[in-house]
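In: Here is a sequence with its predicted model. Questions after.
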Amino acid sequence: MNTVFCWPLICLAFVVVSFIQPPETLVGRWQQKTAGGNTVVTVFRSDGTNDIFINGKTFVSGKYYIRQDTLRYADPLCNMAYYGTYKLDFFAPDSLRLTVLEDTCRGRRRGFDRVTLGRMKPAKP
Amino acid sequence: MKSCAWGLLALGASSILGAVFKADEPTDKVALGKRLFFDPILSRNRTVSCASCHREEFAFADTSAVSVGVFGRSGNRNTPSAMNVRLQANFFWDGRAATLEEQALIPIANPNEMDLPVEVAVKRLSRNEMYRATFRRVFGELPTKTNLARALAAFQQTLETPDTPFDDWRMNDNETAVSESAKRGFALFNGKANCVQCHFGANFNNAEFRNIGLFDGKTLTDSGRAAITKKTADLGKFKIGPLRNVALTAPYMHNGMFKTLAQVIAYYNDPDQIVANPINRDPLLNKPLGLTNSEMKDLEAFLQSLTDNRFRYRR
């Protein structure tokens, strides 16, 4: 096959995959402690779904995808059709910082912007 | 000799009983708050406690439309659950209390509930040997209005219920924790039924007040939040009720007018069918949801999944 046709197809496939396939680095459970003493756990699943829990209680269930170093996130509180965009900064193997790039949903922006999350270790069986 | 033996026996028994009693005395703020919550000492005629209306088996809510206080007096509004209050931003249906401590004292003084001025309640506790000793031990001082409120609030803050089938499903990816109907109900809750617009967050409510159409100025006359803020725009607005354990807390709404969850869902599906001429109703409810019977059952199944396992196992 002509490589002139192959390369664009490969590039296109790469772009599509990067939209739908969250990287392993984000998939898992992340935790943070708030100033008010509450524990927030965020679960990013490999199927692109996400849940946030406060003190063990489900807070919101949303969906996400990764594009390069940004997280695109939508939830029913802000509108499932609207994705806020946050920069992902894995500043240590078990630590992640989110910085807002664009999100018109004020409440979510307040909750996500400049938040640092620590990866939770898997529970022992 | 015999009487001496009986005397010694009585002395021994009273020491043992005394020791048992002391062992039963609250040793910290939460335990003290719990004791106070269940003790009718805080009502005028010593017949009504907080727990008389906030009944533990019903998620610390009541089963009647309005609760009955001292001397058989009826309250004006349905008793909300006293559980899951840690993250609440305001208290009572009209949000008149901003803190749990502030909330804790109001029913004591309310003439329709416990009808005991808080100053009198404090004096009564100060005259009680057990409470005098316990407040000294826990707070380093005799009972006061402030530490009474702190103790009651401390106990209520322990009444969190994160252990539900719904949370198990979401947190642990336990697909068998809830039924397929409940899963569909959750999708409807976030989608077609649009419940999530008001019922969101850890307890499925938020800090807002909304008018859901249960004020018409004729038969439904409770003005709600407006009585506190004195704003016309707040007419008929009430605190958005948390939904955790909601299956246990019937009847529903500020006036307890709906006996079942099915009735509540049917109301939201088409409010005009139940209250024809509401005043100031939230525009979110202007259009019927168009839920099918099956969808309404799914929503109910989802709400059932918010019941904490402490109640499930007890049944």
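Out: That came in fine, so what should we check first?
In: what number of residues lie near B:Arg136?
Out: Neighbours of B:Arg136 under the rule other Cβ atoms under 10 Å in any protein chain shown: 12. For glycine as for every other residue, the C-beta is placed from the backbone atoms N, C-alpha and C.
In: what are the phi and psi values for it?
Out: When read as degrees, to the nearest 10, the backbone of B:Arg136 gives phi -60, psi -40.
In: what about it, distance to B:Lys34?
Out: 18 Å (Cβ to Cβ, to the nearest Å).
In: cool, B:Ser43 as well?
Out: Computed as Cβ to Cβ, the B:Ser43 to B:Lys34 distance reads 17 Å.
In: burial measure for the one residue in chain A that gets nearest to chain B, as a count.
Out: Relative to chain B, the nearest point of chain A is A:Gly56 (3.4 Å; Cβ to the nearest Cβ). When neighbours are defined as other Cβ under 10 Å, A:Gly56 has 15 of them.
In: Hmm, B:Pro162 and it touching each other?
Out: Yes - proximity of A:Gly56 to B:Pro162 meets the contact threshold set by Cβ atoms under 8 Å, at 3.4 Å.
In: Close to chain A: what parts of the stretch 201-315 of chain B are there?
Out: Counting by Cβ under 8 Å from any Cβ of the partner chain, the residues of the stretch 201-315 of chain B close to chain A are B:Gly201, B:Ala202, B:Asn203, B:Arg244.
In: Turn those into TSV, columns for secondary structure, neighbour count and distance to B:Phe166.
Out: Output for these, formatted as TSV (DSSP: H, G, I helix; E, B strand; the rest coil; neighbours: other Cβ atoms under 10 Å in any protein chain shown; distance: Cβ to Cβ, whole Å):
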residue	secondary structure	neighbour count	distance to B:Phe166
B:Gly201	coil	20	14
B:Ala202	coil	24	12
B:Asn203	coil	27	12
B:Arg244	coil	26	9
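In: Export those residues as a markdown table, with columns for pLDDT.
Out: Listed next are these as a markdown table, based on pLDDT from 0 to 100:
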| residue | pLDDT |
| --- | --- |
| B:Gly201 | 94 |
| B:Ala202 | 96 |
| B:Asn203 | 97 |
| B:Arg244 | 98 |
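In: give me the residue from the stretch 51-200 of chain B nearest chain A.
Out: B:Pro162 (3.4 Å).
In: For that residue, give me its contacts.
Out: A:Asn55, A:Gly56, A:Lys57, B:Asp308 (Cβ atoms under 8 Å, 6 or more residues apart in numbering or on different chains).
In: that older thread, which of the residues of the stretch 201-315 of chain B next to chain A lies closest to B:Thr47?
Out: Nearest to B:Thr47 out of those is B:Arg244 (Cβ to Cβ; 29.9 Å).
In: surely that closest one meets B:Arg86?
Out: No - in this structure, B:Arg244 is not within contact of B:Arg86 by Cβ under 8 Å, at 11.6 Å.
In: Read off the pLDDT value for residue 45.
Out: I'll assume chain A. At A:Arg45, the pLDDT value in this model is 96.
In: meant chain B, my bad for not saying
Out: The predicted local confidence for B:Asn45 is 97.
In: tell me the centre residue of chain A?
Out: With distances taken as Cα atoms, centre = their mean, the residue of chain A nearest its centroid is A:Leu71 (4.9 Å).
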